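K.L.:
Test case, fold it:
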Amino acid sequence: MSAQPASHPISPASPATVVACASVVLLCVMGVRATFGLFMQPMGLAHGWGRDVFSLAFAIQNLVWGLAAILMGSVADKWGSGRTVVASALLFVLGLLGTRYADSEAMLYLSAGVLVGLGQAGTTFAVLLPVVARAVPVERRSVAMGVASAGGSMGQFVVVPAGQWLIDTLDWTGALWVLAALMLLALPLATRLTGKPRHVAGSQSLGAAVRQAVGHSTYHFLFWSYAVCGFHTAFITLHLPAFVVDGGLKASDGAMAIALIGLFNVFGSYWAGKMGGHHSKKHLLALLYATRSAAILLLLFLPLQPAVLYAFSALMGLVWLGTVPLTTGLVGHIYGMRYASTLTGIVFFGHQIGSFVGVWLGGKLYVATGSYDVVWWMSVALGLAAAALCLPVRERALAPA
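P.N.:
Model prediction:
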């Protein structure tokens, strides 16, 4: 069957400008998001909240992010990505400021959970990567999405140590104000991330596109393997700093570990995007998920020392967000670019289901057992399961139903 006709971009910005702006927005959003684990202990001490409270707030954030990504993807497909990015960035800022003044668990769930989750939905991969994909030629699409994804990883490397420094210098209250100000950078950059797929007379409707994807087994394989990605990244982002301190290391070691994951994923995301343009994306995904399991086993079997922690971070970083350009690329290639934001948003909801479970279980089982061991072993098993799910994916493009 033949591939769907390509959608033509209507954004006036050059491809290089679109990629650069998307990378910087992702740098800010993913960098700020990666700092939330640093706030768990100081905010818990200030308000008397246990790790299960903060874990539930982060879990709500991830679930809202996933649900709203479907909505934001549809809004971007219909009314344009620039407006979507602006509205979402403002919601993110409100969520951060609300977290600063949250004085009850309910307020924390509303601000750090609902508002920040809504803000992330329209400023991250489900909306931005389809913009990048439409802006560049097909033969450069996979590399461009890898570069944009690497921007998110660079944010983790740059913003997390800065966030720890801000907490040490300005207390957690002042740090949240600075991070909220950082998110305002997305507003001017959104003017170069405008555009939407051009409608072609007689083309497939959104409902038909969704029904075709949901009726295709490959879409389900991508959905549930992406859920494992979310389980890993959310659990590690929030709980690794506390796990490190529990093991006798310093808080700065935990911040450095998260930062190193981001640094090494700059190379990992670029490599995944580049290799995805020349090799089977499903085989690369399987390799990435299996490597995650190997990295976790390294952390479990060796004594927790800075060298072991940083080796784990480096290996995990190489496969951290490489799943994003590969999964997004497969969705666009198989089901076409006309409704790529919506279809990517639905698959991303699977990612966020995994994020919710990983974060919530991390806090719940820690409170119940005093250890993260069960969740670490679950992560190993899930990584191997995700690798197996990727193998039956059919990479052939579908004609519109």
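
K.L.:
so where's this structure uncertain?
P.N.:
Under the criterion of pLDDT under 70, the regions of the chain flagged as low confidence span 1-13, 195-203, 401.

K.L.:
Name the SS class of Pro400, please.
P.N.:
Here Pro400 takes the coil state, with states given by DSSP: H, G, I helix; E, B strand; the rest coil.

K.L.:
mind checking how far it is from Ile334?
P.N.:
Distance, Pro400 to Ile334, by C-beta to C-beta, to the nearest Å: 12 Å. No exception for glycine: its C-beta is placed from N, CA and C like everyone else's.

K.L.:
So for these two, which residue has more residues nearby?
P.N.:
The residue with more neighbours, out of Pro400 and Ile334, is Ile334; 22 against 18, by other C-beta atoms under 10 Å.

K.L.:
Wait, that one touches Glu395, no?
P.N.:
Yes: under the criterion of C-beta atoms under 8 Å, Ile334 is in contact with Glu395, at a separation of 6.9 Å.

K.L.:
As a check, name the ranges of all helices in the stretch 1-150 of the chain.
P.N.:
In the stretch 1-150 of the chain, the helices defined using DSSP state H, counting those that start in this stretch lie at 15-34, 36-47, 51-79, 81-101, 105-108, 116-121, 125-135, 141-183.

K.L.:
do you know which of those helices lies nearest Trp224?
P.N.:
Evaluated over those, closeness to Trp224 peaks at helix 51-79, with 13.3 Å, by C-beta to C-beta.

K.L.:
the inter-axis angle of the closest one versus helix 36-47?
P.N.:
For helix 51-79 against helix 36-47, the angle between stretch directions is 130 degrees (axes from the mean of the first three to the mean of the last three C-alpha atoms, to 10 degrees).

K.L.:
For burial, what's the neighbour tally of Leu315?
P.N.:
20.

K.L.:
got a list of what His239 touches?
P.N.:
Contacts were defined as C-beta atoms under 8 Å, 6 or more residues apart in numbering; by that measure His239 touches 37, 51, 55, 359, 362-363, 366, 372, 375.

K.L.:
Ranking by neighbours, what's the top pick from those residues?
P.N.:
Ranked by the number of neighbours (other C-beta under 10 Å), the contacts of His239 place Val359 first, at 32 neighbours.

K.L.:
who's in contact with it?
P.N.:
Neighbour list for Val359: 55, 58-59, 62, 234-235, 238-239 [criterion: C-beta under 8 Å, 6+ apart].

K.L.:
ok, 6 Å please
P.N.:
Contact criterion C-beta atoms under 6 Å, 6 or more residues apart in numbering gives 55, 58-59, 234, 238 as the residues in contact with Val359.

K.L.:
Which one of those is nearest to Gly119?
P.N.:
Taking C-beta to C-beta as the measure, Gly119 sits nearest to Phe58 out of these, at 14.0 Å.

K.L.:
any idea how far the closest residue to that closest one other than its chain neighbours lies from Leu26?
P.N.:
Here the nearest residue to Phe58 in space, its sequence neighbours aside, is Val359; by C-beta to C-beta, 6 or more residues apart in numbering that works out to 4.8 Å. Between Val359 and Leu26 the distance, using C-beta to C-beta, works out to 20 Å.

K.L.:
before we move on, back to that, for the residue nearest to Phe58, grab phi and psi.
P.N.:
Phi and psi for Val359, reported as degrees, to the nearest 10, are phi -70, psi -50.

K.L.:
count of residues packed around the closest residue to Met107 other than its chain neighbours?
P.N.:
The spatial neighbour of Met107 that comes closest, neighbours along the chain excluded (C-beta to C-beta, 6+ apart), is Gly98 at 6.9 Å. Applying other C-beta under 10 Å, we find 20 other residues in the vicinity of Gly98.

K.L.:
now swap in the one 4 residues further on and tell me
P.N.:
The local packing count at Ala102 equals 21, with neighbours defined by other C-beta under 10 Å.

K.L.:
My understanding was that it contacts Leu108; is that so?
P.N.:
Yes: if you go by C-beta atoms under 6 Å, Ala102 and Leu108 touch, sitting 4.3 Å apart.

K.L.:
separation between Leu38 and Trp172?
P.N.:
Taking C-beta to C-beta as the criterion, Leu38 is separated from Trp172 by 8 Å.

K.L.:
Neighbour count: those two, which is higher?
P.N.:
Set side by side, Leu38 and Trp172 show more neighbours around Leu38, with 25 against 20, by other C-beta under 10 Å.

K.L.:
wait, that one sits on Ala162?
P.N.:
No: the criterion here is C-beta under 6 Å, and Leu38 misses it with Ala162 at 10.4 Å.

K.L.:
Verify the contact between Lys281 and Gly332 for me.
P.N.:
No: at 10.7 Å, Lys281 and Gly332 do not qualify as touching, with contact defined as C-beta under 6 Å.

K.L.:
the more surrounded of the two?
P.N.:
Comparing Lys281 with Gly332 by other C-beta under 10 Å, the one with more neighbours is Gly332, at 28 against 24.

K.L.:
What count of nearby residues applies to the nearest residue to that one once chain neighbours are set aside?
P.N.:
Take Gly332 and drop its neighbours on the chain: the residue closest to it by C-beta to C-beta, 6+ apart is Ala340, 4.7 Å away. Neighbour count for Ala340, taken as other C-beta under 10 Å: 27.

K.L.:
Alpha carbons of stretch 145-161, as PDB, please.
P.N.:
Once side chains and other backbone atoms are set aside, the C-alpha atoms of stretch 145-161 remain, and they are given as PDB (Å, rounded to 0.1, in the frame of the first residue of the first chain):
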ATOM      1  CA  MET A 145      13.400  15.100  15.700                       C
ATOM      2  CA  GLY A 146      16.400  13.600  17.400                       C
ATOM      3  CA  VAL A 147      18.100  17.000  17.700                       C
ATOM      4  CA  ALA A 148      14.900  18.500  19.100                       C
ATOM      5  CA  SER A 149      14.600  15.700  21.600                       C
ATOM      6  CA  ALA A 150      18.200  16.300  22.600                       C
ATOM      7  CA  GLY A 151      17.200  19.800  23.600                       C
ATOM      8  CA  GLY A 152      15.000  18.300  26.300                       C
ATOM      9  CA  SER A 153      18.000  16.300  27.500                       C
ATOM     10  CA  MET A 154      20.300  19.300  27.600                       C
ATOM     11  CA  GLY A 155      17.700  21.000  29.700                       C
ATOM     12  CA  GLN A 156      18.000  18.200  32.200                       C
ATOM     13  CA  PHE A 157      21.800  18.600  32.200                       C
ATOM     14  CA  VAL A 158      21.700  22.400  32.600                       C
ATOM     15  CA  VAL A 159      18.600  23.100  34.700                       C
ATOM     16  CA  VAL A 160      18.800  20.400  37.300                       C
ATOM     17  CA  PRO A 161      22.200  21.500  38.800                       C
END
